[in-house]
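[1] The following block contains a protein sequence and its predicted model.
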Amino acid sequence: EPEVTQTPSHQVTQMGQEVILRCVPISNHLYFYWYRQILGQKVEFLVSFYNNEISEKSEIFDDQFSVERPDGSNFTLKIRSTKLEDSAMYFCASTRDDRGEFYGYTFGSGTRLTVV
Amino acid sequence: DAKTTQPNSMESNEEEPVHLPCNHSTISGTDYIHWYRQLPSQGPEYVIHGLTSNVNNRMASLAIAEDRKSSTLILHRATLRDAAVYYCIQSGSARQLTFGSGTQLTVLP
């Protein structure tokens, strides 16, 4: 079964450093997403991306965050200057959504980001 | 905030059916009902979704009330691997999913 692949599985970074989290969505999917889950808390929506641009974003997704699909296969989340509160599990997801019909999301296994 | 209400936890015996309830009293005509589950230390996993009619797939069945204000996820034969947090999510035209706290399902051997 096709998978969404995320790398790295775990990243430790110093406060103030930039991090890039990488995702390879399923090849025929059209919508891409980032979610995060702080330890012990709910899964939270960050951003959705369609047709090479952001389609929706949450309040969490401020100027410190950016997303990119640089080469038609990878989908990245960049945090410019990490804060301690950015420590969380970050999940990438993708979905087909062909001609308006909704299909289920496929989530990756996540990247655990630890900011020290 | 999540628009659905689910019990915090449920228990089931292995190899027995499980019925996980969800209330979504504010649902509108175009809102889908989605179910995802999350095993420990893993990303959410799609289970099933529906709009008005009952739905079946290889993982589960989704029974939607006639007024659409509630639904039930049915696992026909629970296994130990089905122990997870199950999320019922109501979504509209926006593609984002708003996760609540879900139901922690414990499967007893």
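    Looks like it came in fine.

[2] Distance check, A:D86 against A:F32.
    20 Å (C-beta to C-beta, to the nearest Å). In short, each C-beta sits where N, CA and C put it, glycine included.

[3] got it, and B:P7?
    Separation of B:P7 from A:F32 (C-beta to C-beta) stands at 33 Å.

[4] can you check B:K3 too?
    24 Å.

[5] and the two? which has more neighbours close in?
    Set side by side, B:K3 and A:F32 show more neighbours around A:F32, with 21 against 17, by other C-beta atoms under 10 Å in any protein chain shown.

[6] so the more buried one bridges to which residues?
    Per DSSP bridges, the residues bridged to A:F32 are A:F49, A:S94.

[7] can you check B:S71 too?
    In this entry, B:S71 is beta-bridged to B:C22, B:I64, by DSSP bridges.

[8] Which residues of chain A lie near chain B?
    For chain A, the residues in contact with chain B (C-beta under 8 Å from any C-beta of the partner chain) are A:31, A:33, A:35, A:42-45, A:48, A:50, A:55-56, A:58, A:91, A:93, A:95, A:97, A:102, A:104-110.

[9] PyMOL command for the buried members of those?
    Those of those that count as buried under 16 or more other C-beta atoms under 10 Å in any protein chain shown are selected in PyMOL with:
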select buried, chain A and resi 31+33+35+42+43+44+45+48+58+91+93+95+97+102+104+105+106+107+108+109+110
